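S.K.: Coordinates only, no sequence provided:
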């Protein structure tokens, strides 16, 4: 029983100490999606879907919930945001060439179709996209890809 109490005390102390070491946050001055939205022309419905399901992890500014201040949850969220921005960052849309833009939209479609996006952890807390929202997002991405599929001159 003594070992159990000591282990519990050490774990509690560790939990308290990690509260003082915060992961870096994705907190740009503003969420820059103007270029992306100007080029891909999402409807108001699609903008809402992107805002509610994508932009927190896939832009340069994340709106963190209150529980993102509590370790170890803060580390998990920071990891998800970093990984999401690394794979596809809407705020960097202007820096992508035509081929990469096409590829990113193709990946978006694939991830949504396969149920990989939004990730399960996000969906558990924020709610998942409906089947209709997923279909609308995929149809919009297909249409947006047409801007980048101009013959063989994809750069």
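M.R.: Yep, it's here. Predicted model, so just to flag it, every value in this text is computed and none were measured.

S.K.: ok, now which ones touch the residue nearest to the spatial centre of the chain?
M.R.: Per Cα atoms, centre = their mean, the C-alpha nearest to the average position across the chain is that of residue 57, at 2.4 Å. Going by Cβ atoms under 8 Å, 6 or more residues apart in numbering, residue 57 touches 80-81, 83-85, 118, 122. In short, each C-beta sits where N, CA and C put it, glycine included.

S.K.: SS state for it?
M.R.: Counting by DSSP: H, G, I helix; E, B strand; the rest coil, the backbone at residue 57 sits in helix.

S.K.: any idea how far it is from residue 7?
M.R.: For residue 57, the distance to residue 7 equals 35 Å [Cβ to Cβ, to the nearest Å].

S.K.: Identify the residue nearest residue 64 in space, chain neighbours excluded?
M.R.: In space, and not counting its chain neighbours, residue 64 is closest to residue 25: 6.6 Å by Cβ to Cβ, 6 or more residues apart in numbering.

S.K.: er, residue 47 I mean
M.R.: Using Cβ to Cβ, 6+ apart, the closest residue to residue 47 is residue 37 (6.8 Å).

S.K.: so how far is residue 105 from that neighbour?
M.R.: Residue 37 sits 13 Å away from residue 105, taking Cβ to Cβ as the criterion.

S.K.: related to what we said a few turns ago, need the buried ones from the contacts of residue 57 selected in PyMOL.
M.R.: PyMOL command restricting these to the buried ones, with burial defined by 16 or more other Cβ atoms under 10 Å:
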select buried, resi 80+81+84+85+118+122
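
S.K.: For residue 62, state which of the contacts of residue 57 is nearest.
M.R.: In terms of Cβ to Cβ, no member of the contacts of residue 57 lies closer to residue 62 than residue 81, at 5.3 Å.

S.K.: Okay, helices next: where are they in this protein?
M.R.: Here the chain has its helices, by DSSP state H, at 2-17, 34-40, 44-53, 55-58, 73-87, 98-113, 120-126, 131-145.

S.K.: winner for burial among these?
M.R.: Burial of those is given as mean neighbour count (mean count of other Cβ atoms under 10 Å); helix 55-58 ranks first at a mean of 23.

S.K.: Residue 55 and residue 32 touch, don't they?
M.R.: No. In this structure residue 55 lies outside contact range of residue 32 using Cβ atoms under 8 Å: 10.3 Å.
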